[in-house]
Each structure stands twice: as structure tokens, then as C-alpha cells.
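*Asks:* no sequence for this one, just the structure:
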């Protein structure tokens with residue numbers, strides 16, 4: 001299920017982009033090449049879109065399709081291709097990619113809240129939305145949006161655990 005109003009705005013934005021193959025730019029966390037500022041659409045933002053997702057749920061399905069479509073539209077996308085192992089902390093490169101994006105897409109899925117990295121990404125995205133007015137599009141992939149909004153079901157336990165990590169729990173979503 002996808003938030004219809006947000007998705008419509010996002011889809012309209014996609015339609016306004018050039019689909020010329022000469023304009024396609026992308027970067028993933030596994031890419032070692034650095035792009036010059038000439039390929040960046042907006043000098044204030046390194047990326048047009050950052051995609052936050054749980055790899056085990058969506059990497060080889062929805063997210064890959066979304067990523068490919070964005071590339072075809074000439075949108076500069078950051079998608080983390082590293083598969084982090086349990087115990088590893090979220091990289092500063094990933095956090096900088098979030099902060100350097102005009103838009104973040106959060107793909108909420110069944111297993112999304114069980115990942116501390118996903119929740120850290122979501123908290124950083126929320127900070128960016130509040131502090132720099134970053135646009136955020138939620139996508140509800142095979143999950144009831146009310147579970148996310150009300151923090152119920154699998155989302156309830158995950159948010160409680162995530163909040164307990166912070167000294168100021170009210171700052172966490």
C-alpha cells in the first residue's frame with residue numbers, strides 16, 4: 001500500500017524529469033566512483049533521492065524496480081548496496097547521503113522495524129525533514145500503514161527498543 005497523495009506528488013515530480021539516457025546519474029554505496037558537481041542537479045544536494053529500505057524484504061523486488069525506474073528518469077539516487085552484518089554500525093557515508101538528498105523515500109515493510117540501521121536512517125530522515133525541510137515519501141510495502149502510524153504490531157516493539165537507546169526518547173520518532 002502506498003500513501004496516495006505523497007505518491008501522486010512524487011509521480012508528478014518524476015514525470016517532470018528528463019528521461020534522456022544522457023542525463024542518467026546514480027550512485028550506490030558499493031560504487032567507488034565519485035561524481036563531479038556537474039552531474040548534480042541541485043548544488044545544495046548531492047542526491048535527488050535517498051531510498052531507505054530493509055534489504056531482506058525489498059532489495060530484490062520493489063526497491064530494485066523503483067531504483068531502475070528512477071535511473072531511467074535521470075534521477076540521481078543513493079541506494080545502499082552493502083549488506084550490513086549484525087553488530088556493524090551505520091556508516092557516516094550513509095548518514096551523509098541522507099543529509100545530502102532532496103527527497104527520501106522510506107519503504108516500510110514487515111521487517112523494516114527490526115533493523116536498527118533502518119530505524120537510525122528513519123530518525124536521521126526525520127531530523128532532515130524538520131531541520132532542512134527535506135521531502136519524505138513513505139511507501140507501505142505489504143504492511144498496514146496504520147501499524148506504522150500508530151506504532152502497533154511489529155512496529156510497536158521495534159520503536160520501544162529503539163527509543164530506549166536514546167537519552168532523550170521524545171526526540172526519536
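*Replies:* Yes, it's here. Model, not experiment: these values are computed from the prediction.

*Asks:* Quick check: next helix or strand after the longest helix along the chain?
*Replies:* For the chain, the helix that runs over the most residues, judged by DSSP state H, is helix 116-132. Taking DSSP states H and E as the definition, the helix or strand that follows helix 116-132 towards the C-terminus is strand 135-140.

*Asks:* Check this protein for its longest strand and report it.
*Replies:* Determined from DSSP state E, the single longest strand within the chain is strand 101-108.

*Asks:* Walk me through which strands that one pairs with, and which way each runs.
*Replies:* If you go by DSSP bridges, strand 101-108 pairs up with strand 47-52 (parallel), strand 135-140 (parallel).

*Asks:* got these as TSV, with distance to residue 146 and mean neighbour count columns?
*Replies:* Heads up, the C-betas are built off the backbone N, CA and C, glycines and all. Shown next, in TSV, are those (distance: least, C-beta to C-beta, whole Å; neighbours: other C-beta atoms under 10 Å):
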stretch	distance to residue 146	mean neighbour count
strand 47-52	20	26
strand 135-140	9	19
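
*Asks:* out of those, nearest to residue 62?
*Replies:* Taking C-beta to C-beta, strand 135-140 is the member of these nearest to residue 62, at 7.8 Å.

*Asks:* Give me the angle between the closest one and helix 116-132.
*Replies:* Angular relation of strand 135-140 and helix 116-132 on a 0 to 180 degree scale: 150 degrees, by axes from the mean of the first three to the mean of the last three C-alpha atoms, to 10 degrees.

*Asks:* pLDDT of strand 135-140, averaged?
*Replies:* Taken as a whole, strand 135-140 carries a mean pLDDT of 95.

*Asks:* got it, and stretch 92-100?
*Replies:* This predicted structure assigns stretch 92-100 an average pLDDT of 91.

*Asks:* got a list of contacts for it?
*Replies:* Taking C-beta atoms under 8 Å, 6 or more residues apart in numbering as the criterion, the residues outside stretch 92-100 that touch it are 29, 45-47, 50, 52, 78, 80, 104, 117, 120-121, 124-125, 128, 132.

*Asks:* go on, stretch 51-59?
*Replies:* Applying C-beta under 8 Å, 6+ apart, the contact partners of stretch 51-59 are 62-63, 66-67, 77-80, 83, 98, 104-107, 109-112, 114-115, 118, 121-122, 125, 141-142.

*Asks:* returning to what we had before: could I get the strands paired with strand 101-108 as CSV with distance to residue 153?
*Replies:* Converted to CSV, these look like this (distance: least, C-beta to C-beta, whole Å):
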stretch, distance to residue 153
strand 47-52, 19
strand 135-140, 12
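
*Asks:* Figure out which of the ones you listed is closest to residue 147.
*Replies:* Nearest to residue 147, of all the strands paired with strand 101-108, is strand 135-140, at 8.8 Å by C-beta to C-beta.
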